[in-house]
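> Fold the following.
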Amino acid sequence: MKRTVLEAISAFLIAAPLSTASAADMPLKAPPPPPAPVYNWTGFYLGGQIGDGWGTSFQMGANGFGNTGNYRITGVVGGGTAGYNWQFNPSWVVGIETDFSGAGIVGTTGSSSTYGCIAGCENRIEWFGTVRGRVGYAFNSVLFYGTGGFAYGSAEADIIGCPSGFCGTRTVNGWTAGGGIEIAMDRFWSFKLEYLYVDLNNYNFTLAEGCAGTGGCVSPAKFNVVRVGANYKF
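Have a look, this model is predicted:
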């Protein structure tokens with residue numbers, strides 16, 4: 001009996017250090033990584049954008065006197081943006097945004113015997129701005145949104161070269177709608193890709209050649225814009 005007890009104690013003393021060493025050799029389990037931070041879109045921001053504008057224009061007599069037919073207008077647009085977003089429930093985002101852009105959207109057509117373009121006719125958008133609402137859905141730092149509201153700008157129709165009395169410039173207004181995607185890179189900076197359709201309606205103007213005495217002439221100020229931009233959120 002005494003021998004059996006001694007053998008059991010000896011076996012325990014031999015095994016204990018081995019067990020302790022085995023436990024010490026086991027790698028420690030790393031703590032789980034902290035959850036990724038959740039981005040919040042609420043806040044005031046300022047930014048800028050640049051892109052391309054294009055569309056179709058024409059000139060025609062308001063009383064049916066001649067028509068140049070449609071011709072393409074295109075050019076670069078760029079300017080600044082200011083806005084405010086509210087995020088709620090928990091991924092919906094609503095906001096209001098205003099922007100102002102200089103524009104070189106221009107197009108020309110050849111001479112027209114029916115309309116009276118001596119050296120060809122020209123249309124251009126010189127600048128435009130918008131005041132829009134935005135509604136979007138955020139996947140954390142990625143925001144998909146639609147937008148729409150009021151638009152205004154400066155449109156010009158003229159004979160190429162704009163000789164005296166052959167130009168008609170108007171401040172026009174209308175509406176705009178579109179959508180885009182905005183991606184937050186960190187707490188402050190985000191980048192966006194956006195499309196807008198801008199409809200500043202048809203406007204009347206008078207040129208000395210052709211339009212005088214016919215009730216004036218009519219031309220549209222309608223164009224598309226695709227632009228990229230960066231915003232800084234305060």
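
> Reduced to three states, what does the residue sitting nearest the centre point of the chain come out as?
With distances taken as Cα atoms, centre = their mean, the residue of the chain nearest its centroid is Glu194 (2.6 Å). Going by DSSP: H, G, I helix; E, B strand; the rest coil, the secondary structure assigned to Glu194 is strand.

> which element is the residue lying closest to it once chain neighbours are set aside on?
For Glu194, ignoring the flanking residues on the chain, the nearest one in space by Cβ to Cβ, 6 or more residues apart in numbering is Gly180 at 3.4 Å. In this view, the C-beta of every residue, glycine as well, is placed from N, C-alpha and C. Using DSSP states H and E, the element containing Gly180 is strand 167-184.

> For Val76, see how far away the residue nearest to Glu194 is.
Per Cβ to Cβ, to the nearest Å, Gly180 is found 18 Å from Val76.

> Where does pLDDT dip in this structure?
By pLDDT under 70, the low-scoring segments of the chain are 1-28, 35-36, 64-65, 111-114, 116, 118, 161-167, 206-215.

> Which one of Gly180 and Val76 is surrounded by more residues?
In this comparison of Gly180 against Val76, neighbours counted by other Cβ atoms under 10 Å, the higher total goes to Gly180 at 20 against 14.

> Quick check: the more buried one vs Cys217, distance?
35 Å.

> which residues sit in contact with Thr147?
Contacts of Thr147 were listed using Cβ atoms under 8 Å, 6 or more residues apart in numbering, and they are Glu97, Arg132, Gly133, Arg134, Val135, Ala177, Gly178, Gly179, Gly180, Glu194, Leu196.

> do that again at 7 Å, thanks
Arg132, Gly133, Arg134, Gly178, Gly179 (Cβ atoms under 7 Å, 6 or more residues apart in numbering).
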